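Chemist: test case, fold it:
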Amino acid sequence: MSREHFGKILRDVTHAGIYHTPQQGMADLLAAAESAGYAVYRVGLGRTKDKEDLLDRIALVLEFPDWFGRNWDALQDCLTDLSWQPAEGHVVILDECDAFRIDHSEDFTTMLQVFGSAADYWREEHIPFWTLVDMHADGIAYLPGL
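Modeler: Below you'll find the predicted structure:
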């Protein structure tokens, strides 16, 4: 897929939400996000130990304020604020999710629910908020692709 193709997709706030990372064209996707004025955050989850570690990694990459409470409600609060990250839109890439999804499936599911709720909030504000999840679900269509 081309940069123009991804640019068109990313600007469509009505479809913003949670998707698999694309198998090909990630460089074009990142270029399209950058040219649209979106903030891009890459959160590596490959060696994430537990919920606390997960929340710390997200907070670090998205540069959450000191008041972040390191719980699901605080994650929701920060993801629906982002006033310290002004941008035309947001793309969060959750890299290497497989091990955490397998070892901590309940926390993984809750995390995706929080990110989905944040996308719903930003959609109402007409600001695209995309979450791209890098995982290989053994052929199961766990999330839609772009």
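Chemist: which residue ranges form the strands in this protein?
Modeler: Ranges of strands within the chain are 18-20, 38-44, 89-95, 129-133, based on DSSP state E.
Chemist: which of these is buried the deepest?
Modeler: Ranked by mean neighbour count under mean count of other CB atoms under 10 Å, those are led by strand 129-133, which reaches a mean of 24. Where you see a C-beta, it was placed from the backbone N, CA and C, and this is true even at glycine.
Chemist: kindly export that strand (C-alpha atoms) in CSV.
Modeler: Extracted in CSV, the C-alpha atoms of strand 129-133 (Å, rounded to 0.1, in the frame of the first residue of the first chain):
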residue,chain,number,x,y,z
PHE,A,129,-6.9,8.1,17.2
TRP,A,130,-5.5,4.9,15.8
THR,A,131,-4.1,1.9,17.7
LEU,A,132,-2.1,-0.6,15.7
VAL,A,133,-1.4,-3.9,17.3
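Chemist: quick one: contacts of it?
Modeler: 10, 16-22, 29, 79, 89-94, 97, 112, 115-116, 118-119, 121-123, 143, 146 (CB atoms under 8 Å, 6 or more residues apart in numbering).
Chemist: any chance of the strands of the chain in CSV, with mean pLDDT too?
Modeler: As requested, those are arranged in CSV below (pLDDT from 0 to 100):
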stretch, mean pLDDT
strand 18-20, 94
strand 38-44, 98
strand 89-95, 98
strand 129-133, 97
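Chemist: now tabulate the ones you listed in CSV and tack on distance to Met1.
Modeler: What follows is the strands of the chain, written out as CSV (distance: least, CB to CB, whole Å):
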stretch, distance to Met1
strand 18-20, 13
strand 38-44, 17
strand 89-95, 15
strand 129-133, 13
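Chemist: how about the helices in this protein?
Modeler: Using DSSP state H, the helices of the chain run over 3-11, 26-35, 51-61, 72-79, 98-103, 105-124.
Chemist: report the buried residues of the last one.
Modeler: The reference is to helix 105-124. Taking 16 or more other CB atoms under 10 Å as the neighbour-count basis, helix 105-124 is seen to contain the buried residues Asp107, Phe108, Met111, Leu112, Val114, Phe115, Ala118, Ala119, Trp122, Arg123.
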